[in-house]
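Student: I would like to see how this sequence folds:
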Amino acid sequence: MQTRTIGIEEATKLVGKEVGVSSWRTVSQEMIDQFAAATDDHQFIHTDPERAARETPYGGTIAHGFLSLSLLSTMIFEAVPQLEGAGMGVNFGFDRVRFLNVVRSGARVRGRFLLAEMKARPSGVAEMHYDVTVEIENAVKPALTARWLTLAMPA
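Tutor: Predicted coordinates:
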């Protein structure tokens with residue numbers, strides 16, 4: 001769990017640099033099934049290991065792309081320092097998301113975060129844009145890349 005905080009001046013100096021890498025986490029079939037239930041997306045490539053092994057080139061089930069994307073929330077909290085004085089972080093959206101590789105059931109993934117841009121608003125809100133990559137352990141291509149916009153709201 002990330003508990004480190006940094007000041008706005010220190011954060012500004014980190015623009016253009018990698019600011020955190022999360023730990024590896026396993027994307028289990030149980031996680032995939034729970035995501036399918038939550039989103040009502042029960043396509044067999046996600047939920048039927050036998051059929052997916054027979055009828056897809058993946059050798060079994062794969063995670064939903066949006067499941068891989070949703071893991072960013074916990075990865076950033078673990079990997080990236082919070083701003084001093086911030087009461088909460090808010091997801092502001094994405095400028096770009098690209099799903100580049102499948103995440104097979106049982107694979108391990110981690111997030112890499114590069115602080116691409118930072119804007120301090122007069123209201124005290126800090127807007128941060130991260131270039132994020134979700135890597136798959138032992139894979140050449142990552143699961144996804146994205147430009148993620150977040151807001152640090154003052155306490």
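Student: give me the pLDDT value at Glu10.
Tutor: pLDDT for Glu10: 92.
Student: what helix or strand is it located in?
Tutor: According to DSSP states H and E, Glu10 maps onto helix 8-13.
Student: packing partners for that helix?
Tutor: Identification of packing neighbours for helix 8-13 by 3 or more C-beta pairs under 8 Å, 6 or more residues apart in numbering; DSSP states H and E yields strand 108-120, strand 126-136. To be clear about C-beta, it is placed using only N, CA and C from the backbone, and glycine gets the same treatment.
Student: and the next element down the chain from it?
Tutor: Later in the chain than helix 8-13, the nearest helix or strand by DSSP H and E is strand 17-21.
Student: tabulate the CA atom coordinates of that next one in PDB.
Tutor: The C-alpha trace of strand 17-21 is given here as PDB (Å, rounded to 0.1, in the frame of the first residue of the first chain):
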ATOM      1  CA  LYS A  17       9.800  10.700 -15.500                       C
ATOM      2  CA  GLU A  18       8.500   7.300 -14.300                       C
ATOM      3  CA  VAL A  19       7.100   7.800 -10.900                       C
ATOM      4  CA  GLY A  20       6.000   4.300  -9.900                       C
ATOM      5  CA  VAL A  21       5.800   0.600 -10.700                       C
END
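Student: in the protein, which residue is most central in space?
Tutor: In the chain, the residue lying closest to the centroid (C-alpha atoms, centre = their mean) is Leu72, at 2.0 Å.
Student: separation between it and Thr133?
Tutor: According to C-beta to C-beta, to the nearest Å, Leu72 and Thr133 sit 10 Å apart.
Student: any shared contact partners between those two?
Tutor: Among the neighbours of Leu72, those also in contact with Thr133 (C-beta atoms under 8 Å, 6 or more residues apart in numbering) are Gly111.
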